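Here is a sequence with its predicted model. Questions after.
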Amino acid sequence: VIVLVDFLLVIWAAEYPWLPVSYLFGNFMVITMGIWSIIDEKNPDGPHMMLLTLMVTILQDIIMIAVRYGPIAYTLSGPPSEFRFSAGMAILNLILKPLYCALIYPHLIARGGSLSSSFRRKNYESIDGSQPQVTPAVPGTGAPVAGLAATSTSPYQDAYSPYSQPHATPTLPQYPGETKSPVA
C-alpha cells in the first residue's frame, strides 16, 4: 500500500514541471526499494534500503520544495491550478514520509534486520544452493577431522587442497654416485 500511495503522489507531484529530475529520481528509488521489499519477503535488506532512501528523500524533498516553490507561487499573475495541485501532492508526500518510515521499521525488525547492521557477512552459499556442507571424517571412526573446516562437494572444486594434508618438508632427490654432503 505504501509503494502504491507513494507512486501516485510522486506522479501527481510531477504533473506540473516545477520539480527537478533529481526529485523524481530519488522518489522512484524509494519505489524501487519498496518493490524489492515486496518481492524478497524474507530478506531485511529491502526494507533497510527503503528506509534509508526514504530518510534521504525527506531531506531532499524539503530542499527541492523550498527552493522551487517560491519563484512560481508568488508570480504576479498567480500560479496555475496545475501547479497548486502538483505542489500540494509533493507537500503531502513529504508529510507522509515519516509515517512511511514508522510503518516500514516494524517490517525491518520482523525480518531480522536493524538500522545499524542490516548488511552482515554471511557464510558462502553456492549459487544453486543444492550442495550440502560436508565435514571430513577420520576413516573408520566417523569423527570429524580436527582443524579442518567444512568443505563443499561442488563438482567445480579442485580436488587438490594444499592445506588439507599435514605439512612435509621437501627433500632434494638423491642421484646415484653423489656421496658428497652439500657445501654450506
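Thanks, I have the structure now. Numbers count the residues shown, from 1 in each chain.

Show me which residues of the helix or strand residue 105 falls within are buried.
Taking DSSP states H and E as the criterion, residue 105 maps to helix 81-110. Neighbour counts over helix 81-110 (16 or more other Cβ atoms under 10 Å) mark 83, 86-87, 89-90, 93-94, 97, 100-101, 104-105, 107-108 as buried. For glycine as for every other residue, the C-beta is placed from the backbone atoms N, C-alpha and C.

tell me the average confidence for that helix?
On average, the pLDDT along helix 81-110 is 92.

so residue 94 makes contact with residue 64?
No: the pair residue 94 / residue 64 is not scored as a contact, 9.3 Å apart, by Cβ atoms under 8 Å.

Show me the strands in this structure, by range?
133-134, 151-152 (DSSP state E).

Just the helices from this structure, written as ranges.
2-13, 21-39, 45-73, 81-110 (DSSP state H).

before we move on, back to that, ok, so of the buried residues of helix 81-110, who is nearest residue 114?
residue 108 (7.3 Å; Cβ to Cβ).

That closest one touches residue 48, doesn't it?
Yes: between residue 108 and residue 48 there is a contact under Cβ under 8 Å: 5.8 Å.

what's the burial count for residue 3?
Close neighbours of residue 3, defined as other Cβ atoms under 10 Å, add up to 17.

Tell me who's in contact with it.
With contact set as Cβ atoms under 8 Å, 6 or more residues apart in numbering, residue 3 has these partners: 31, 34-35, 38.

Contacts for stretch 61-75, please.
Counting by Cβ under 8 Å, 6+ apart, 18-20, 22-23, 26-27, 79, 83, 87, 90-91, 93-94, 97 sit against stretch 61-75.

For the chain, give me the ranges with low pLDDT.
76-78, 117-184 (pLDDT under 70).

Recalculate using a threshold of 80.
71-79, 113-184 (pLDDT under 80).
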